[in-house]
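A.B. asks: pasted the sequence and its predicted model underneath.
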Protein chains: 2
Amino acid sequence: MTYCVGLKLNSGLVFMSDTRTNAGVDNISKFRKMYTWQVPGERSIVLMTAGNLATTQTTIGLLDERSKVPAKRQPSLLQVPTMFQAAQLVGRTLREVIAEQSGGEMQASADFSGTMILGGQIAGGEPTMFMIYPEGNFIEVSSDTPFQQIGEMKYGRPILVRAYEPEMNFAQAVKLLLVSFDSTIKANVSVAPPLDVVTYPSDSFTFEGRFRIEENDPQYQAISNGWGAALRSAFASLPDVNLEGYLDSDA
Amino acid sequence: MTYCVGLKLNSGLVFMSDTRTNAGVDNISKFRKMYTWQVPGERSIVLMTAGNLATTQTTIGLLDERSKVPAKRQPSLLQVPTMFQAAQLVGRTLREVIAEQSGGEMQASADFSGTMILGGQIAGGEPTMFMIYPEGNFIEVSSDTPFQQIGEMKYGRPILVRAYEPEMNFAQAVKLLLVSFDSTIKANVSVAPPLDVVTYPSDSFTFEGRFRIEENDPQYQAISNGWGAALRSAFASLPDVNLEGYLDSDA
């Protein structure tokens, strides 16, 4: 599996993805699931992928080929005028790849399916983010739902729901994502470091940071080791439950 | 969906289950998913169910009929001499019901499938717990894996992984389960209170407590409201991440 999260903050966008892929538990590999495109000063685009690796890599390949040969008739990620059109382009490409790989039948079967998070900013528009489904359609992030997750999203969701704040700075957001990823990594062997990260400040049209956090990274280790103890003291800080009142009743 | 957890502690067993069932999000109901049988002083048995409600209710109905008519040739939950045989009986019954409901074809399809946690103690044996699969087979809890979950288990798993201790008393265990259930309930509308709870002290052969915690229960509310703040301060207590060291690299 995979775990990728995109956060929309007041100050910009932050993306994190893991790098583990597996075809069965006896066939584990490390693959990048985060891709970036940019024209400095004009556009910065991030795409994260989950699902069938052949599907997502082919989709990226098609998107890349198109962006490398601007003379082609198809619009490319470096040419589309808005993030909305970028999402349409990625959605169409993803849907076509799935249709082709599943033998011409248009069905997003589990085997060939894929899901993506597309985020970034193109000059003239606001920074934004889209979750793109295997059917090619997509939904945009909003202030009600300011983060998007794909892959093994359930383990790491409660901490996002409780601790995310749109006012967070990038360092706080990366820390939050490390906790969310660590909870997932501790509970599910199909998600694993290294973790790829991108930070994008609004209206900068350039990535502030684009880096990889290795498993032995001291800051990641400090958070991973500290979170267990912090959770246990958070748990201890809650009021004790008194069972006396319940024991009389017999449901 | 459903969320049920069984914990094996040094001092006994604790079980908690939610009560929400849904056939689509527009058809939500409240059903008990926890069933108990006992012969005071001789055996105490708990069964929690997840999956297709017709399957699980029919399975419980068959198990109940059998236990109510002791003259029948089939062994019943009130007659089997060991928890292992109880697990075999439940597994066989569950598999038969699924086979019958899916039209005679022995396939545990998603539609008719079900999963169960069986726990308790029968005189002469130790308290124990089994996870029972739709195929009728089962695995026993162990000191390496001292708790079992069925249903929407991912949201509430990280806190169990981090905060469970076999030395916990029942009040601490119920508090831990309330946190795990609250994390799930906050993230997934298919799991909801009231919550059914059973506490079983080892070698007592009687349930210490068998009660229901309603949504407006003051202790549940205190934990639910407190956990968000506790998580946020646990998060704040972690060392800040310094992005400077990463920003130089360009992965």
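C.D. replies: Perfect, thanks for sending it. Numbering: from 1, shown residues only, chains lettered A, B, ... in the order given.

A.B. asks: name the nearest residue to A:Gly228, sequence neighbours excluded.
C.D. replies: In this structure, A:Gly228 finds its nearest non-sequential neighbour in B:Arg162, 4.8 Å apart by C-beta to C-beta, 6 or more residues apart in numbering or on different chains. Heads up, the C-betas are built off the backbone N, CA and C, glycines and all.

A.B. asks: got the CA coordinates for the helix or strand hosting the one you found in PDB?
C.D. replies: If you go by DSSP states H and E, B:Arg162 is part of helix B:157-163. Extracted in PDB, the C-alpha atoms of helix B:157-163 (Å, rounded to 0.1, in the frame of the first residue of the first chain):
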ATOM      1  CA  ARG B 157      -5.500   0.800  16.600                       C
ATOM      2  CA  PRO B 158      -2.600   3.200  17.100                       C
ATOM      3  CA  ILE B 159      -3.700   4.100  20.700                       C
ATOM      4  CA  LEU B 160      -4.100   0.400  21.500                       C
ATOM      5  CA  VAL B 161      -0.600  -0.400  20.100                       C
ATOM      6  CA  ARG B 162       0.900   2.400  22.200                       C
ATOM      7  CA  ALA B 163      -1.000   2.500  25.400                       C
END
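
A.B. asks: C-terminal to it, what's the next element?
C.D. replies: Helix B:157-163 is succeeded, C-terminally, by helix B:170-187 (DSSP H and E).

A.B. asks: ok so, going back, can you pull the contacts of the residue nearest to A:Gly228?
C.D. replies: A:Lys186, A:Trp227, A:Gly228, A:Leu231, A:Arg232 (C-beta atoms under 8 Å, 6 or more residues apart in numbering or on different chains).

A.B. asks: could you list every residue that touches the residue in the stretch 101-250 of chain A that chain B sits nearest to?
C.D. replies: Residue nearest to chain B within the stretch 101-250 of chain A (C-beta to the nearest C-beta): A:Lys154, separated by 3.3 Å. The contact partners of A:Lys154, by C-beta under 8 Å, 6+ apart, come to B:Glu152, B:Lys154, B:Tyr155, B:Ala187, B:Asn188.

A.B. asks: beta partners for A:Arg20?
C.D. replies: A:Lys30 (DSSP bridges).

A.B. asks: thought it was touching A:Ala192?
C.D. replies: Yes - using C-beta atoms under 8 Å, A:Arg20 is in contact with A:Ala192, at 3.9 Å.

A.B. asks: which one of these two has more residues nearby?
C.D. replies: A:Arg20 (22 against 19; other C-beta atoms under 10 Å in any protein chain shown).

A.B. asks: can you tell me the closest non-neighbouring residue to A:Asn169?
C.D. replies: A:Ser11 (6.4 Å).

A.B. asks: my guess is the one you found meets A:Tyr200, correct?
C.D. replies: No - at 9.6 Å, A:Ser11 does not count as touching A:Tyr200 under the criterion of C-beta under 8 Å.

A.B. asks: neighbour count: these two, which is higher?
C.D. replies: Neighbour totals were compared for A:Ser11 and A:Tyr200, and A:Tyr200 leads with 28 against 18 (other C-beta under 10 Å).

A.B. asks: by contact count, what packs against the helix or strand containing A:Thr49?
C.D. replies: Per DSSP H and E: A:Thr49 is located in strand A:43-51. The contact analysis (3 or more C-beta pairs under 8 Å, 6 or more residues apart in numbering or on different chains; DSSP states H and E) places strand A:43-51 against strand A:3-9, strand A:12-17, strand A:34-39, helix A:53-68, helix A:83-101, strand A:114-122, strand A:147-151, strand A:195-201.

A.B. asks: kindly recompute the last result at 6 Å.
C.D. replies: strand A:34-39, strand A:114-122 (3 or more C-beta pairs under 6 Å, 6 or more residues apart in numbering or on different chains; DSSP states H and E).

A.B. asks: is any residue of the first one near chain B?
C.D. replies: No - contact of strand A:34-39 with chain B (C-beta under 6 Å from any C-beta of the partner chain) is absent, the minimum separation being 8.9 Å.

A.B. asks: strand partners of that strand, parallel vs antiparallel please.
C.D. replies: Strand A:34-39 is paired, per DSSP bridges, with strand A:43-51 (antiparallel).

A.B. asks: also the longest one?
C.D. replies: Strand partners for strand A:114-122, identified by DSSP bridges, are recorded as strand A:43-51 (antiparallel), strand A:128-132 (antiparallel).

A.B. asks: chain center to it: distance?
C.D. replies: 9 Å (C-alpha atoms, centre = their mean, to the nearest Å).

A.B. asks: how about stretch A:8-17?
C.D. replies: With C-alpha atoms, centre = their mean as the basis, the mean position of stretch A:8-17 lies at 10 Å from the chain mean.
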